[in-house]
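Student: Sequence unavailable; structure follows:
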């Protein structure tokens, strides 16, 4: 019997981030005192600050201005720079400014970030995009334990984010503040679906998904259009985080603290699905092609070379018609499940985990920015497709920002249903045992499967043997 831990967040908790209703809630209704006043207060403060720039600067002549440096994976023009500008206007008279630097959220970019964190230079605050990486950074003295700061300032994560925030603790301690509500699904070219006479699905099985990809695949060589692009060169674990988790819960790689789940039937079916689409059906580029050709979601989906792709973190690019011109409409569908009715969880949780470098010279100033950004500064990044996690935002303002400039480009109904409207039971993690090592093991074995060195059963059996050995060291 499985000794699997899972965390089902009930409707009571989800009301902390609230449900979208009618014309579109973003999931933050439970803090009306903050929601209705922050925007007007922010606007007024910004205007006042702008008018008093000269006098503020004169007052600061005898006081050093502190500049904190924030690293994130989102391009500055997609919201982070505007958020930083807003903060700088509001905090100029308090002697704090922030500078934003973008790193690419891939292996090379994360290595660059960690090198700077360990050296103690160049980074005061930063964003982590996976729990396993946060665990690695917390254990490697690259993320500050925020417990004392939270207690000092009365910053209760449950008040702003609900009980689900504790799922992103490491060893029972908060090393980050979640800033984004993650809800993901398949990104699809609605125009291609309509031309093929296929309705945008609201539920589908692996087999139905596979058949749709076949129908949407056509052409040869450079003119080939694929039904699906798995984006495997960026991350090989999508079948766990997005396919397996919907059925098995928030710990798709674990059966318990001491046993991995790599031979679980749902896991095997998920890996088999991806492998078949790449190497049997030809409905997705192979992993080898994705790596050697450096394929990307933008390069495949937004140029019409694939009808579907794995996740909607490319919202900012979909809306950027100048750099990614296209005339089709994008819609969203839930990830498929192995068998009809098998969906036990909603694929979602928190993301954009904001941490402080413990080697920063400006811990207090960095903490001021973290609090402000999480609770009131994220509307600019909502325009880039990132739903704030905190319940302190006006829900309609977030929805409007998310869809701003996307008329005729992004389908509003499926956007709200799949990406924004909160559910009552997210697949969120509760086991973090040896997370980075376990993730590395399965990536290595998946790569061997996808390039044809091992069968699905061989690769996943080896992954389980190696992972279990680590868990029982």
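Tutor: Sure thing, it's come through. Values in this document were obtained by computation on a predicted structure and should not be read as measured data.
Student: hang on, residue 317 packs against residue 299?
Tutor: No: using Cβ atoms under 8 Å, residue 317 is not in contact with residue 299, being 10.0 Å away. Where C-beta positions appear, they are placed from N, C-alpha and C, glycine not excepted.
Student: Of these two, which one has the most company?
Tutor: residue 317 (19 against 14; other Cβ atoms under 10 Å).
Student: ok but that one is inside a helix, no?
Tutor: Yes: assessed by DSSP: H, G, I helix; E, B strand; the rest coil, residue 317 belongs to a helix.
Student: and it, what is it in contact with?
Tutor: Contact partners of residue 317, counting by Cβ atoms under 8 Å, 6 or more residues apart in numbering, are 297, 298, 302, 323, 324.
Student: if you go through the stretch 301-450 of the chain in chain order, where are the strands?
Tutor: Counting by DSSP state E, counting those that start in this stretch, the stretch 301-450 of the chain has strands at residues 308-309, 330-333, 348-356.
Student: possible to save the ones you listed as CSV with distance to residue 458, mean pLDDT and mean neighbour count?
Tutor: Converted to CSV, these look like this (distance: least, Cβ to Cβ, whole Å; pLDDT from 0 to 100; neighbours: other Cβ atoms under 10 Å):
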stretch, distance to residue 458, mean pLDDT, mean neighbour count
strand 308-309, 28, 98, 24
strand 330-333, 32, 96, 24
strand 348-356, 32, 92, 24
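Student: Which among the ones you listed is found nearest to residue 239?
Tutor: Of all those, it is strand 308-309 that lies closest to residue 239, at 14.2 Å by Cβ to Cβ.
Student: helices or strands up against that closest one?
Tutor: Strand 308-309 is packed against strand 186-189, helix 297-301, with contacts defined by 3 or more Cβ pairs under 8 Å, 6 or more residues apart in numbering; DSSP states H and E.
Student: Show me what the last one is packed up against.
Tutor: Contacting helix 297-301 under the criterion 3+ Cβ pairs under 8 Å, 6+ apart are the following elements: strand 186-189, strand 308-309.
Student: To residue 387, which of those strands lies closest?
Tutor: Judged by Cβ to Cβ, the one of the helices and strands packed on helix 297-301 that comes nearest to residue 387 is strand 186-189, at 15.7 Å.
Student: Now do the buried residues in the closest one.
Tutor: Buried positions in strand 186-189, judged by neighbour count with 16 or more other Cβ atoms under 10 Å: 186, 187, 188, 189.
Student: As TSV, the helices and strands packed on helix 297-301 with distance to residue 97 would be great.
Tutor: Formatted as TSV, those follow (distance: least, Cβ to Cβ, whole Å):
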stretch	distance to residue 97
strand 186-189	36
strand 308-309	38
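Student: which one of those strands lies closest to residue 375?
Tutor: strand 186-189 (29.3 Å).
Student: I'd like the distance between the residue nearest to residue 342 when sequence neighbours are not counted and residue 67.
Tutor: Leaving aside its sequence neighbours, residue 342 sits nearest to residue 247 (Cβ to Cβ, 6 or more residues apart in numbering; 5.1 Å). Distance of residue 247 to residue 67, computed by Cβ to Cβ, to the nearest Å: 47 Å.
Student: Show me which of the two is the more surrounded one.
Tutor: Each of residue 247 and residue 67 has its neighbours counted (other Cβ under 10 Å); residue 247 has more, 21 against 14.
Student: Which elements pack onto the host helix or strand of that one?
Tutor: Residue 247 is located in helix 245-248, with elements delineated by DSSP states H and E. Judged by 3+ Cβ pairs under 8 Å, 6+ apart, the packing partners of helix 245-248 are helix 265-279.
Student: buried set for the helix it packs on?
Tutor: 266-279.
Student: Looking at the residues you listed, which is nearest residue 425?
Tutor: Minimum distance to residue 425 across these is 16.9 Å, recorded for residue 266 (Cβ to Cβ).
Student: and the gap between the residue nearest to the closest one when sequence neighbours are not counted and residue 147?
Tutor: With sequence-adjacent residues excluded and distances taken as Cβ to Cβ, 6+ apart, residue 266 is closest to residue 247, at 4.9 Å. Residue 247 sits 35 Å away from residue 147 when distances are taken as Cβ to Cβ.
Student: check contacts around the residue nearest to residue 266.
Tutor: So, once contact is read as Cβ under 8 Å, 6+ apart, residue 247 ends up touching 266, 337, 338, 342, 343, 344, 345.
Student: pLDDT for those - can I get that in CSV?
Tutor: As requested, the contacts of residue 247 are exported to CSV (pLDDT from 0 to 100):
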residue, pLDDT
266, 97
337, 96
338, 96
342, 87
343, 86
344, 85
345, 87
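Student: now those: which count as buried?
Tutor: Neighbour-count burial (16+ other Cβ under 10 Å) is assigned, among the contacts of residue 247, to 266, 337, 338, 343, 345.
Student: quick one: which of the residues you listed is nearest residue 465?
Tutor: Top of the list for closeness to residue 465, among the buried ones among the contacts of residue 247 and by Cβ to Cβ, is residue 266 at 19.3 Å.
Student: ok, the residue lying closest to residue 326 once chain neighbours are set aside - how many residues close by?
Tutor: Counting by Cβ to Cβ, 6+ apart, residue 326 lies nearest to residue 302, which is 5.3 Å off, once chain neighbours are set aside. Neighbours of residue 302 under the rule other Cβ under 10 Å: 23.
Student: ok, now the one 4 residues further on?
Tutor: Using other Cβ under 10 Å, residue 306 has 30 neighbouring residues.
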